[in-house]
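Undergrad: What shape does this take:
(chains A, B, C and D)
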Protein chains: 2
Amino acid sequence: MVSIKDIAKEAGVSISTVSYALNGNPKVTAETSSRILAIAKELNYVPNAAARNLKKRETKLIGAFLTDYFGAFYGDLLQGMKEVLNKNGYDLIVCSGTPSHRLLPEKMIDGAIVLDSHFQNEELLKYAERGHKLVVLDRELHHPNISQVLLDNKAGATLAIEYLIENGHRKIYVVKGPKDSFDANQRLQAVIQTIERNEPIEFIEIQGSFIKSSGEKAAEQIINEYKEPVAVFCLNDEMAIGIYNAVAKTDLRIGEHIHLIGFDNIELTQYTQPTLATIDYSKHKWGAAASDQLLKLIAGSKVEPERIYVKLVPGESVQMRQTLR
Amino acid sequence: MVSIKDIAKEAGVSISTVSYALNGNPKVTAETSSRILAIAKELNYVPNAAARNLKKRETKLIGAFLTDYFGAFYGDLLQGMKEVLNKNGYDLIVCSGTPSHRLLPEKMIDGAIVLDSHFQNEELLKYAERGHKLVVLDRELHHPNISQVLLDNKAGATLAIEYLIENGHRKIYVVKGPKDSFDANQRLQAVIQTIERNEPIEFIEIQGSFIKSSGEKAAEQIINEYKEPVAVFCLNDEMAIGIYNAVAKTDLRIGEHIHLIGFDNIELTQYTQPTLATIDYSKHKWGAAASDQLLKLIAGSKVEPERIYVKLVPGESVQMRQTLR
DNA sequence: TTGTATGCGTTATCAA
DNA sequence: TTGATAACGCATACAA
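TA: The predicted structure is shown next:
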């Protein structure tokens, strides 16, 4: 592998002169510099990252830690992160799974954006305590080295429930998310509050886990108990898709017997029949904001936790309740 | 940041002893070793990757280079890669975009798996020439440091066309992929061969680009020219989804007037009405095979290029042609 | 303007 | 069994 030493030898100068020339330091003559640059190009010189990282104590790499690689969900989010990072001379690398956590303490990355429920709070706090910079998207964590960009879950859930109520629904199921999910808990809290403000409403909770199959399971219960048109709020779209699948096998119909709303506005919802009502937010902005916060944290500037706003996307899956039938 | 030097001082031994203990070298007493290990744990010691990488000339990191982060397509593929890599002590990092290419020549990763049409052949060959190990999934490239795991595109395209023909179709549109796409070209070649073997067939090519909107555009032409039931082979599923969208706005119906088959079996196809016929293959196996090849390449073993087999998934989108109507 | 020398944190060779 | 020391490739303070 060709190093600055080789270039120095070839150019008949010292390695420091080469280093200066390569880094555009004005101390070296334009003449010498261009000669060195020419030789570097000719020899296909590429600086060794390990050596540079060791010396400069930074890698210009940011890690995004995800629960898994599935879900079209991540496309916009990661794209948003990447654009902001690239614009600032950083590169994004996407990781998943516990083994990859090592990249942070080993200083292979300058900071991390976390959206991974498998990543424990204690572990994150430990890293923050050692000086690593973090932005979390799926929890609230208070530490000078941690910032967060959170969805406005409560606003979203409130919008969803109010939409159902406005459409005349008075019997509402909520299909919940994993018990340890911050987003799920926030959404549920807002649901309960909104329900209470609008009594009397018949309200039934069903445990779910944010995956499609748990939506199918919830649907079974709803179908079994079916007597009259009901409304269902799935705390994410994926479970709502599960409801579609299960209901399609019965005589009941979404938007007629079962009125359904989800959360996330994933791409898939555009293809369901009838279209799914859901809560939307800009995943691209979310990613961009996360990168922004992290960069500020690394630069040592003061950062204020940010919030990503949401809006209701009406859909054919929710219709006005026919009170007389 | 705590280094082996700090541990050495604390333990009253030399740094080399610490290094040996940390790396489980049996030259050091079990007693000293456990004392050192205890101190290391107490000080929260984590080895610095940059230093280790510099010395060992390897990072135990593999990069996957993708065109973008979109498409549920990648979930299984990356999962397959990761499983094999983790099992062998490597970590996977996922990258996208030109700036991230630097990771390879700068030796921040030990090898790369490429599925990115924006990555030029010349660039890849240049890296291979400098000794970097590569596995490509979207092209054929001959170099001792490059291996490939390719889809059996020709078999898939042949299956698709034969399926249409078996169902009585004699007028067939093909919506093509980007001109520089290896997969698209392979598929098209097989299409033409199969058509020729089954003359007479009316065969019309429409340029596409593997994205949904190009499918919509192709649909416009097909709809405009519509006189009698026709068959359409979209060289990937995403464009087929575009066809669904466009046709939904007309009086024509998929599976009746327009018989449609795609390629890739992406998750979305399970949700279309009627279900889309397509060509399936294991993305998980594809990723696993890619990792496998790369690891072998790094280990210096001989590798044989591999092929991922495909199969037909029948769907309601293709029905027997009603000859009399 | 260029060169010399040092150190970043490891690993590994050679002595002790 | 342990320690002193060189080396990995680069950046930079200081000397010339």
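
Undergrad: Strands of chain A, start to end?
TA: A:61-66, A:91-96, A:111-115, A:134-136, A:146-151, A:171-175, A:202-206, A:230-234, A:258-261, A:278-280, A:306-308, A:311-313 (DSSP state E).

Undergrad: Make CSV out of those and add mean neighbour count.
TA: All C-beta spots, glycine's among them, are computed from the backbone N, C-alpha and C. Converted to CSV, those look like this (neighbours: other C-beta atoms under 10 Å in any protein chain shown):
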stretch, mean neighbour count
strand A:61-66, 25
strand A:91-96, 25
strand A:111-115, 25
strand A:134-136, 27
strand A:146-151, 22
strand A:171-175, 23
strand A:202-206, 15
strand A:230-234, 27
strand A:258-261, 27
strand A:278-280, 23
strand A:306-308, 16
strand A:311-313, 16
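
Undergrad: nearest to DNA strand D, of the ones you listed?
TA: Distances from DNA strand D to each of the strands of chain A were compared using C-beta to the nearest atom of the strand; the minimum, 15.4 Å, belongs to strand A:61-66.

Undergrad: Using TSV, please lay out the strands of chain A together with mean pLDDT.
TA: Rendered in TSV, the data for these read as follows (pLDDT from 0 to 100):
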stretch	mean pLDDT
strand A:61-66	97
strand A:91-96	97
strand A:111-115	98
strand A:134-136	98
strand A:146-151	97
strand A:171-175	98
strand A:202-206	98
strand A:230-234	98
strand A:258-261	98
strand A:278-280	98
strand A:306-308	95
strand A:311-313	98
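
Undergrad: would you turn the ones you listed into JSON lines with distance to chain B?
TA: Formatted as JSON lines, the entries for the strands of chain A read as follows, by distance: least, C-beta to the nearest C-beta, whole Å:
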{"stretch": "strand A:61-66", "distance to chain B": "8"}
{"stretch": "strand A:91-96", "distance to chain B": "4"}
{"stretch": "strand A:111-115", "distance to chain B": "12"}
{"stretch": "strand A:134-136", "distance to chain B": "16"}
{"stretch": "strand A:146-151", "distance to chain B": "18"}
{"stretch": "strand A:171-175", "distance to chain B": "19"}
{"stretch": "strand A:202-206", "distance to chain B": "22"}
{"stretch": "strand A:230-234", "distance to chain B": "16"}
{"stretch": "strand A:258-261", "distance to chain B": "15"}
{"stretch": "strand A:278-280", "distance to chain B": "15"}
{"stretch": "strand A:306-308", "distance to chain B": "18"}
{"stretch": "strand A:311-313", "distance to chain B": "18"}
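
Undergrad: Can you give me the neighbour number for the residue nearest to A:V46 when sequence neighbours are not counted?
TA: Of all residues beyond its chain neighbours, the one nearest A:V46 is B:P105 (4.0 Å), with distances taken as C-beta to C-beta, 6 or more residues apart in numbering or on different chains. Residues near B:P105, counting by other C-beta atoms under 10 Å in any protein chain shown, number 19.

Undergrad: just A:N245 next, same as before
TA: Residues within reach of A:N245, counting by other C-beta under 10 Å, total 17.

Undergrad: about what we covered before: list the residues that contact the residue nearest to A:V46.
TA: B:P105 makes contact with A:V46, B:Y127, B:R130, B:H132, according to C-beta atoms under 8 Å, 6 or more residues apart in numbering or on different chains.

Undergrad: any idea which of those residues is closest to DNA strand C?
TA: Checking these against DNA strand C by C-beta to the nearest atom of the strand gives A:V46 as the nearest, at 17.9 Å.

Undergrad: Contacts only, for that closest one.
TA: Applying C-beta under 8 Å, 6+ apart, the residues contacting A:V46 are B:R102, B:P105, B:E106.

Undergrad: would you list the residues you listed in CSV and tack on distance to DNA strand C?
TA: Formatted as CSV, the entries for those read as follows, by distance: C-beta to the nearest atom of the strand, whole Å:
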residue, distance to DNA strand C
B:R102, 20
B:P105, 20
B:E106, 16
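
Undergrad: Tell me the one of those nearest B:K176?
TA: B:K176 has its nearest neighbour among the contacts of A:V46 in B:R102, at 33.4 Å by C-beta to C-beta.

Undergrad: what about the closest one, neighbour count?
TA: Other residues near B:R102 number 15, with proximity taken as other C-beta under 10 Å.

Undergrad: mind listing the helices for chain A?
TA: For chain A, the helices identified by DSSP state H occupy A:4-11, A:15-22, A:30-42, A:49-56, A:74-87, A:121-129, A:153-166, A:182-197, A:212-224, A:237-248, A:283-299, in order along the chain.

Undergrad: Show me what counts as buried in the fourth one.
TA: Meaning helix A:49-56. Of the residues in helix A:49-56, those scored as buried under the neighbour-count criterion (16 or more other C-beta atoms under 10 Å in any protein chain shown) are A:A49, A:A50, A:A51, A:R52, A:N53, A:L54.

Undergrad: so what secondary structure elements neighbour that helix?
TA: Here helix A:49-56 is seen to pack against helix B:49-56 when contacts are counted using 3 or more C-beta pairs under 8 Å, 6 or more residues apart in numbering or on different chains; DSSP states H and E.

Undergrad: so does the helix it packs on get close to DNA strand C?
TA: Yes: where contact is defined by C-beta under 7 Å from any atom of the strand, part of helix B:49-56 touches DNA strand C, namely B:A50, B:A51, B:R52, B:L54, B:K55, B:K56.

Undergrad: Redo those residues as CSV? Include distance to DNA strand D.
TA: Output for the residues of helix B:49-56 next to DNA strand C, formatted as CSV (distance: C-beta to the nearest atom of the strand, whole Å):
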residue, distance to DNA strand D
B:A50, 8
B:A51, 7
B:R52, 9
B:L54, 4
B:K55, 4
B:K56, 9
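
Undergrad: Switch those residues over to TSV; also include pLDDT.
TA: Rendered in TSV, the data for the residues of helix B:49-56 next to DNA strand C read as follows (pLDDT from 0 to 100):
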residue	pLDDT
B:A50	97
B:A51	97
B:R52	97
B:L54	96
B:K55	96
B:K56	95
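
Undergrad: coming back round to it: now, which of the contacts of A:V46 sits nearest A:A299?
TA: If you rank the contacts of A:V46 by distance to A:A299 using C-beta to C-beta, B:R102 comes first, at 22.1 Å.

Undergrad: ok, that closest one - contacts?
TA: When contacts are counted by C-beta under 8 Å, 6+ apart, B:R102 is found next to A:V46, A:D91, B:M108.

Undergrad: count of neighbours near the closest residue to DNA strand C within the stretch 151-300 of chain A?
TA: Ranked by C-beta to the nearest atom of the strand, the top residue of the stretch 151-300 of chain A for proximity to DNA strand C is A:I298, at 18.1 Å. Using other C-beta under 10 Å as the criterion, A:I298 is surrounded by 17 other residues.
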